[in-house]
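Colleague: here is my input; please provide its structure:
(one chain, ligands or ions: 1)
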Amino acid sequence: MVTYQYRCPACGDVDVRRPMGEASTQLSCPRCGAGARRVFTGPHTRLVAPGLVAALDTAGASAENPQLVTSVPTAAGPPRRPAHPLHARLPRP
Ligand SMILES: [Zn+2]
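Modeller: Residues are numbered from 1 along each chain as shown. The predicted structure follows:
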């Protein structure tokens, strides 16, 4: 859903949420019913979820200034999956 902005001569600016690409150039004002014209605005970035903003900022900072590794990671290795019980019945070399 996208927030589109319309300007009603009586009510002023009115925000309407519609699926992307389904905004008409005019619609009847949801408050008073008068004809409202669509106003083209910048994207409403303030409506982005705060967690997404933090993730995008972190990704951007990592791309510009990646953290350096200063020591060798411990040899934990990948997590081992438990063996399937039927593997014990497989022929051995
Ligand atoms: Zn109106």
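
Colleague: run the chain-centre distance for the one helix or strand R17 maps to.
Modeller: Here R17, judged by DSSP states H and E, is contained in strand 12-18. With Cα atoms, centre = their mean, to the nearest Å as the basis, strand 12-18 stands 22 Å off its chain's centre.

Colleague: now for the following helix or strand past it, which elements pack on it?
Modeller: Next in sequence after strand 12-18, counting helices and strands by DSSP H and E, comes strand 26-28. Packed against strand 26-28 by the contact rule (3 or more Cβ pairs under 8 Å, 6 or more residues apart in numbering; DSSP states H and E) you find strand 35-39. The C-beta positions use only the backbone N, C-alpha and C, and glycine is treated the same way.

Colleague: list the buried ones in the strand it packs on?
Modeller: Buried residues in strand 35-39, counted by 16 or more other Cβ atoms under 10 Å: A36.

Colleague: which neighbouring elements make contact with it?
Modeller: In terms of contacts (3+ Cβ pairs under 8 Å, 6+ apart), strand 35-39 is packed against strand 2-8, strand 26-28.

Colleague: reformat those as a markdown table; add distance to the ion and mean neighbour count.
Modeller: Shown next, in a markdown table, are the helices and strands packed on strand 35-39 (distance: least, Cβ to the ion, whole Å; neighbours: other Cβ atoms under 10 Å):
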| stretch | distance to the ion | mean neighbour count |
| --- | --- | --- |
| strand 2-8 | 3 | 17 |
| strand 26-28 | 8 | 13 |
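
Colleague: how about the ones you listed in JSON lines, adding distance to D15 and mean pLDDT?
Modeller: Formatted as JSON lines, the helices and strands packed on strand 35-39 follow (distance: least, Cβ to Cβ, whole Å; pLDDT from 0 to 100):
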{"stretch": "strand 2-8", "distance to D15": "5", "mean pLDDT": "91"}
{"stretch": "strand 26-28", "distance to D15": "12", "mean pLDDT": "93"}
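
Colleague: in TSV, list those strands along with distance to F40.
Modeller: TSV is the format used below for the helices and strands packed on strand 35-39 (distance: least, Cβ to Cβ, whole Å):
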stretch	distance to F40
strand 2-8	8
strand 26-28	13
